[in-house]
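Colleague: next come a sequence and a model predicted from it.
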Amino acid sequence: FTWGEGEHGELGQGPRRKALAEPRIVEDLGEINNAQVQAVCCGPSHTIVLGRDGAVYAMGEGAGGKLGLGDDEDVFLPTPVTELRGDPIGQIACGDDFGIAVTKGGQACYWWGRLAGEQSAVPKRLERFDERPADVVAAGGETAIFVVGVTDGSAQKEADGPLVPVFSSVYSIGSNALLLGHGDEENRHGVNLVEALEGHGVVEVSVSATHAAARTQDGRLLMWGEDSRGQLGNGYLVNVTKPHATSTVAGFRFVSVSCGVGCTASMTQYDPDFNVEVAPVGNSGRSTQIGLTLARPPPPEETIMQESSELEKFDEMMGSIAQLTHMIETQGFEGKPRGLPEGSVEYSPGWVQHTDKNTGRKYYESTEDGTVTWLPPDYDSEGDEEGDDFSDEDEGEDDDGPSR
């Protein structure tokens, strides 16, 4: 079933139905070899469908070759991606302008559209996974992430209780360096290993246009990317370029995760023996039977990216207009240049509070040594700071002040 906007044919309902306010069956899929659908994924303006027989169908906007049909034409009905007929497909994923298909067993991965600075209107094989099969794939925005080394059932407990260890590796490809997970913002060609996730036993990944998440075998989440809306879940609102632990709730393991553009959702499983060694920061639930204590990880090892401190910039500006200032003072004009940059205030002795021009967030600079930090200088990571309490009495309030 499809519904919503279908200007380019992404609904698969034909050229006469470009919008639907209610779900409607895609009848043409049943007419193509009586296809039984196994999976479906959507980009902003195209849809990819996977049949149980391993066949792949595409519909929607064809710009950039994102349908894999060999041209740039829009398609309003489900159309087989004939270039994939030789390899039964087991998984599919969609980014903004590309599609991904992984064969059953993971021995081959294909992409088409625009990805990592390249473009192809027909599926092309990613040679990286010829030796080690890809078990999991996720795509979003301009990024695709693969997990290799995960076997069926390896994340489940055996009959006698213990977990079968997972020795997986995670690879990424794309043109948004913030989401590649390598600890920097440099673009790389091709598929590259995310070294920071080695040894964590990753069994699931999810990625959107802004951030990514990796779920481990033991029920933890590691996330990276943009955090302007708190989507990384660590409480710091700091963009990170390599995987960093998200806050956890004592007694609950993460069993699935999905990344939206500015949010993240996860399903959990209660396990009284599950705990993590991070500082508790407050109540994260309403249950009266189970105490839901939110545990925040240490701050990410990221610095605020800027060419020089705001105070240094201000001093340079003041020096350059010293003569004008002297003229204003000597000629009796009222008003003198302020002692701080516009929008900045003295936060506490030795610290100035600035406002980031890109995100509007507050950050802090030391007047003694120029240290810059997102966290207030009096922040206590082990305490129960104001604004960290998620209890009912704070519901509806939005505290973006320094205590965050």
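Modeller: Received the coordinates, thanks.

Colleague: tell me the contacts of A209?
Modeller: By CB atoms under 8 Å, 6 or more residues apart in numbering, A209 lies in contact with D96, G140, G141, E142, N176, V261. For the C-beta atoms, the positions are set from N, CA and C on the backbone; glycine is no exception.

Colleague: now do the contacts for the last one.
Modeller: Spelled out, that is V261. Applying CB under 8 Å, 6+ apart to V261 gives the contacts S208, A209, T210.

Colleague: give me the element the second one is part of.
Modeller: Okay, so that is A209. In the assignment (DSSP states H and E), A209 maps to no helix and no strand.

Colleague: ok, and the closest non-adjacent residue to it?
Modeller: Excluding its sequence neighbours, the residue lying closest to A209 (CB to CB, 6 or more residues apart in numbering) is G141, at 3.1 Å.

Colleague: endpoints of stretch 51-71, how far apart?
Modeller: Stretch 51-71 has an end-to-end distance of 22 Å (CA to CA, to the nearest Å).

Colleague: what is the burial count for A39?
Modeller: By other CB atoms under 10 Å, the residues close to A39 number 15.

Colleague: please apply the same query to R220.
Modeller: Here the count is done by other CB under 10 Å, and R220 has 19 residues near it.

Colleague: in three-state terms, label D28 for me.
Modeller: Here D28 takes the helix state, with states given by DSSP: H, G, I helix; E, B strand; the rest coil.

Colleague: so what's it scoring on pLDDT?
Modeller: Per-residue confidence at D28 stands at 86 (pLDDT).

Colleague: what separates it from A214, distance-wise?
Modeller: According to CB to CB, to the nearest Å, D28 stands 37 Å off from A214.

Colleague: compare the two and say which is more crowded by neighbours.
Modeller: A count of neighbours by other CB under 10 Å puts A214 above the other of D28 and A214, at 29 against 17.

Colleague: ok so, going back, now tabulate the contacts of A209 in CSV and tack on secondary structure.
Modeller: Converted to CSV, these look like this (three-state DSSP):
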residue, secondary structure
D96, coil
G140, strand
G141, coil
E142, coil
N176, coil
V261, coil
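
Colleague: return a PyMOL selection command for the buried portion of the residues you listed.
Modeller: Isolation of the buried members of the contacts of A209 (16 or more other CB atoms under 10 Å) is achieved in PyMOL through the command below:
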select buried, resi 96+140+141+142+176
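
Colleague: by pLDDT, give me the weakest of the contacts of A209.
Modeller: Across these, no position has a lower pLDDT than N176, which has 88.

Colleague: what about that residue, distance to L232?
Modeller: For N176, the distance to L232 equals 15 Å [CB to CB].

Colleague: how about I48?
Modeller: Following CB to CB, the distance that separates I48 from L232 is 28 Å.

Colleague: same deal with E61?
Modeller: Counting by CB to CB, the gap between E61 and L232 amounts to 31 Å.

Colleague: excluding chain neighbours, what is closest to T373?
Modeller: Closest to T373 by CB to CB, 6+ apart is Y364, at 5.4 Å.

Colleague: who's in contact with that neighbour?
Modeller: Y347, W351, V352, Q353, H354, V372, T373, W374, L375, P376, P377, P402.

Colleague: which elements pack onto the strand or helix carrying the first one?
Modeller: Here Y347 is covered by strand 345-348, with elements defined by DSSP H and E. Using 3 or more CB pairs under 8 Å, 6 or more residues apart in numbering; DSSP states H and E as the contact criterion, the secondary-structure elements in contact with strand 345-348 are strand 351-355.

Colleague: and after the strand it packs on, which helix or strand comes next?
Modeller: Once strand 351-355 ends, the next helix or strand along the chain (criterion: DSSP H and E) is strand 362-366.

Colleague: give the pairing partners of that next one; include direction for each.
Modeller: Each strand that pairs with strand 362-366, with its direction, by DSSP bridges: strand 351-355 (antiparallel), strand 372-373 (antiparallel).

Colleague: let's see it as PDB, backbone CA atoms only.
Modeller: Coordinates of each C-alpha in strand 362-366 appear next as PDB, following Å, rounded to 0.1, in the frame of the first residue of the first chain:
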ATOM      1  CA  LYS A 362      25.400  28.900  23.900                       C
ATOM      2  CA  TYR A 363      29.000  28.100  24.500                       C
ATOM      3  CA  TYR A 364      31.700  29.400  26.800                       C
ATOM      4  CA  GLU A 365      35.200  30.800  26.500                       C
ATOM      5  CA  SER A 366      37.800  31.300  29.200                       C
END
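
Colleague: about what we covered before: other residues contacting the strand holding Y347?
Modeller: Counting by CB under 8 Å, 6+ apart, the neighbours of strand 345-348 from elsewhere in the structure are L340, V352, Q353, Y364, P376, P377, D378, P402.

Colleague: buried among the residues you listed? Make that a PyMOL selection.
Modeller: A single PyMOL command suffices to select whichever of the contacts of strand 345-348 are buried according to 16+ other CB under 10 Å:
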select buried, resi 340+352+353+364+376+377+402
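
Colleague: out of the contacts of strand 345-348, which comes closest to K66?
Modeller: Within the set of those, Y364 lies nearest K66; the separation is 43.9 Å, counting by CB to CB.

Colleague: beta partners of that closest one?
Modeller: Q353, T373.

Colleague: lowest-pLDDT helix or strand in this protein?
Modeller: Sorted by mean pLDDT, DSSP states H and E, the helices and strands of the chain end with strand 279-283, the least confident at a mean of 40.

Colleague: the more surrounded of E61 and L232?
Modeller: For E61 and L232, the more surrounded residue by other CB under 10 Å is L232, and the numbers stand at 30 against 21.

Colleague: excluding its backbone neighbours, what's nearest the more buried one?
Modeller: Going by CB to CB, 6+ apart, L232 has M223 as its nearest residue, at 4.6 Å.
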